[in-house]
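Enquirer: mind looking at a prediction? Sequence and model below.
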Amino acid sequence: MSNVLPPLPYAYDALEPYINQQIMTLHHTKHHQTYVNALNAAEAAYAKASTPKERIALQAALKFNGGGHINHSLFWKNLAPSAAANKGTGGVLKDGPLKQAVDAAFGSLDNLKKEFNAATLGIQGSGWGWLGYNTQTKRLEIATTANQDPLLSLVPVIGVDIWEHAFYLQYLNVKADYLTAIWNVIDFEEAEARYVEASGASKL
């Protein structure tokens with residue numbers, strides 16, 4: 001079964017001024033497309049592999065490109081045009097089950113942002129910052145993954161790409177500014193839907 005590049009749910013310039021059109025266009029049409037193409041190639045090679053050695057040799061390509069496809073597919077849905085820029089609802093966490101869970105775990109949205117950004121800035125090299133739901137403790141937690149590793153220990157609620165291709169053309173090497181800005185385009189409605197699905201919490 002062939003993997004395909006999912007369309008963005010908004011225009012390439014919709015997240016400006018926080019993420020510019022050039023970044024979004026390259027990130028989606030070039031970087032994500034490359035993960036999709038390489039994943040399809042690795043899956044095709046795996047299907048034709050006739051020995052365990054051949055299949056083992058393909059594991060790294062499947063993990064890296066499969067993770068890249070999974071993570072980016074989640075990331076695009078994770079973003080929305082910003083309310084602060086009068087373009088949409090991005091960046092607004094309304095009263096509801098997700099806000100209650102954020103307050104319970106972190107005390108406030110501001111505290112979540114500070115802890116999330118600090119953890120994500122601590123990644124050496126490339127990777128992802130995550131807000132996820134722990135099905136054992138029934139609480140939200142912050143996590144990071146290296147490279148394109150998908151989040152497996154928690155159910156993803158919010159994921160932020162900290163690879164340079166996600167921000168460098170606009171924020172250069174100042175990751176902190178990118179992480180501060182991206183909260184203005186986080187789609188908390190999508191995040192709440194993921195949280196509700198994972199936790200069984202009612203929206204009522």
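Expert: Now that the structure is in, tell me what you want to look at.

Enquirer: report the secondary structure state of the most centrally placed residue in the chain.
Expert: The residue lying closest to the centre of the chain (C-alpha atoms, centre = their mean) is residue 159, at 2.9 Å. What DSSP: H, G, I helix; E, B strand; the rest coil gives for residue 159 is strand.

Enquirer: how close does it sit to residue 67?
Expert: Per C-beta to C-beta, to the nearest Å, residue 159 is found 11 Å from residue 67. Where you see a C-beta, it was placed from the backbone N, CA and C, and this is true even at glycine.

Enquirer: also residue 43?
Expert: Distance, residue 43 to residue 67, by C-beta to C-beta: 14 Å.

Enquirer: just for the chain, where's the confidence low?
Expert: Residue ranges of the chain with pLDDT under 70: 1, 202-204.

Enquirer: contacting residues for the closest residue in space to residue 165 that isn't next to it in sequence?
Expert: Closest residue to residue 165 apart from its sequence neighbours, by C-beta to C-beta, 6 or more residues apart in numbering: residue 31 at 5.3 Å. Residue 31 is in contact with 68, 72, 165, counting by C-beta atoms under 8 Å, 6 or more residues apart in numbering.

Enquirer: need the strands for this structure, in chain order.
Expert: With DSSP state E as the criterion, the chain has strands at 127-134, 139-146, 155-161.

Enquirer: show me what the last one is packed against.
Expert: For strand 155-161, the packing partners by 3 or more C-beta pairs under 8 Å, 6 or more residues apart in numbering; DSSP states H and E come out as helix 59-77, strand 127-134, helix 188-199.

Enquirer: of all those, which one is nearest residue 174?
Expert: Residue 174 sits nearest to strand 127-134 of all the helices and strands packed on strand 155-161, at 15.8 Å, using C-beta to C-beta.

Enquirer: just give me how far that closest one sits from the chain centre.
Expert: Per C-alpha atoms, centre = their mean, to the nearest Å, the displacement of strand 127-134 from the mean C-alpha position of its chain is 8 Å.

Enquirer: likewise for stretch 16-36?
Expert: Chain-centre distance of stretch 16-36: 13 Å, with C-alpha atoms, centre = their mean.

Enquirer: in it, which residues are buried?
Expert: 16, 18, 19, 20, 23, 24, 27, 28, 31, 32, 35, 36 (16 or more other C-beta atoms under 10 Å).

Enquirer: out of those, list just those in helices.
Expert: 23, 24, 35, 36 (DSSP state H).

Enquirer: what's the burial count for the residue lying closest to the second one once chain neighbours are set aside?
Expert: The shortest distance from residue 24 to any residue that is not its chain neighbour, by C-beta to C-beta, 6+ apart, is 4.5 Å, and that residue is residue 12. Neighbour count for residue 12, taken as other C-beta atoms under 10 Å: 18.

Enquirer: hmm, residue 159 is touching residue 71, no?
Expert: Yes - counting by C-beta atoms under 8 Å, residue 159 touches residue 71, with 6.2 Å between them.

Enquirer: domains of the chain?
Expert: Residue ranges for the domains of the chain, per the TED database: 21-78, 85-199.

Enquirer: so which of those gets nearest residue 2?
Expert: Relative to residue 2, the nearest member of those by C-beta to C-beta is domain 21-78, separated by 5.5 Å.
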